[in-house]
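Engineer: Kindly return the folded structure for what I paste below:
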Amino acid sequence: MSTRRQWLLQVGSGAVLAGWTDVDLAAAELPPGVFEASREHLGHALAGQPMAVDGETELVQIRGSAFQPAFLSRDEFQTLVRLTALMLGEPPDTAVVREIAEWIDLTASEAAAIRTAARSLSPAHRAVAVAYYSAEPVRTLETFDAQKTMRDGLAWLDAESRRRHGTAFAALSEEAQRDLLESIADRQPAPGVDAAGTRFFIYLKGRVINGFYTSRAGLNELGYRGNAYYASPPGCEHLYG
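Structural biologist: Here you go, the predicted model:
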């Protein structure tokens, strides 16, 4: 968690634009849940700093037992795995598919607490957050109910599967599952039509994309090399030598 000074430095420019003074900011008690992760954690790890639970640098604990969903039921989680696999075009037993599905379940389990924390910000702290992040991300944190979106979307998916095919989504063939998924892909529902499926698809697509491109497989696909740089722009060696 950032110190008060680090946090003020991060939001300083936005606060000035919003008309705040350094006296106003220095007097603020910073609430939990609005800090960015310290950018120094990797340096601390490389420097041999001690690693402790809840410390600035903490090792991931390897799970010693089978994964248990934190928000979804086991059947709902298997549907989530299948949907993630369809969106990525990967087999459902691929490690990255399960990794992303587990992450989506975890973020959904924490969504209500995050929304409550966002709504609990004082007007002063909210003004700083808006100045730094802009209004829309803050408003989304305060109002978007990820848990309801997932519950309603999964219920719609199963009901629609039974209406079309007479069986649950999980029992459908891959082709039938894909057809059903494509039927709600970014579709704008007509007025008066239940939009639960479309809202769920849009939310899930964003989660899957975010999860993939922050996973090892996604970073490899992007050619991400970590803290490395080129001596000259690739392909422009004739200009820079």
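
Engineer: what's the nearest residue to Ala168 if we skip its chain neighbours?
Structural biologist: Using Cβ to Cβ, 6 or more residues apart in numbering and skipping the chain neighbours, the partner closest in space to Ala168 is Asp158 (5.6 Å). (C-beta placed from N, C-alpha, C; glycine too.)

Engineer: Which pLDDT value does the model give that neighbour?
Structural biologist: Looking at Asp158, its pLDDT stands at 93.

Engineer: Same check on the one 10 residues further on?
Structural biologist: Confidence at Ala168, expressed as pLDDT, is 93.

Engineer: if we look at the one helix or strand Thr140 maps to, which residues are touching it?
Structural biologist: If you go by DSSP states H and E, Thr140 is part of helix 135-143. By Cβ atoms under 8 Å, 6 or more residues apart in numbering, the surrounding residues in contact with helix 135-143 are 114-115, 118-119, 126, 129-130.

Engineer: are any of those buried, and which?
Structural biologist: Neighbour-count burial (16 or more other Cβ atoms under 10 Å) is assigned, among these, to 115, 118, 126, 129-130.

Engineer: Okay, and which of those map to helices?
Structural biologist: The helices, defined by DSSP state H, take in 115, 118, 126, 129-130 from those.

Engineer: Work out for me the element Arg225 sits within.
Structural biologist: Using DSSP H and E, Arg225 maps to neither a helix nor a strand.

Engineer: oh, I was asking about Leu181
Structural biologist: Using DSSP H and E, the element containing Leu181 is helix 174-182.

Engineer: And stretch 171-186, what's buried?
Structural biologist: Residues 172, 177, 180-181, 184 are the ones in stretch 171-186 that count as buried (16+ other Cβ under 10 Å).

Engineer: tell me which of the contacts of helix 135-143 is nearest to Leu106?
Structural biologist: Leu106 has its nearest neighbour among the contacts of helix 135-143 in Ile114, at 11.9 Å by Cβ to Cβ.

Engineer: Tell me the spacing between the closest one and Ala196.
Structural biologist: Ile114 sits 22 Å away from Ala196 when distances are taken as Cβ to Cβ, to the nearest Å.

Engineer: and if you look at Gln68?
Structural biologist: 26 Å.

Engineer: Residue ranges in this protein under the pLDDT threshold?
Structural biologist: Across the chain, the ranges flagged by pLDDT under 70 are 1-64, 186-194, 226-232, 237, 240-241.

Engineer: let's see 90
Structural biologist: For the chain, residues meeting the criterion pLDDT under 90 lie at 1-67, 117-118, 120-122, 124-125, 128-129, 131-133, 181-198, 214-241.
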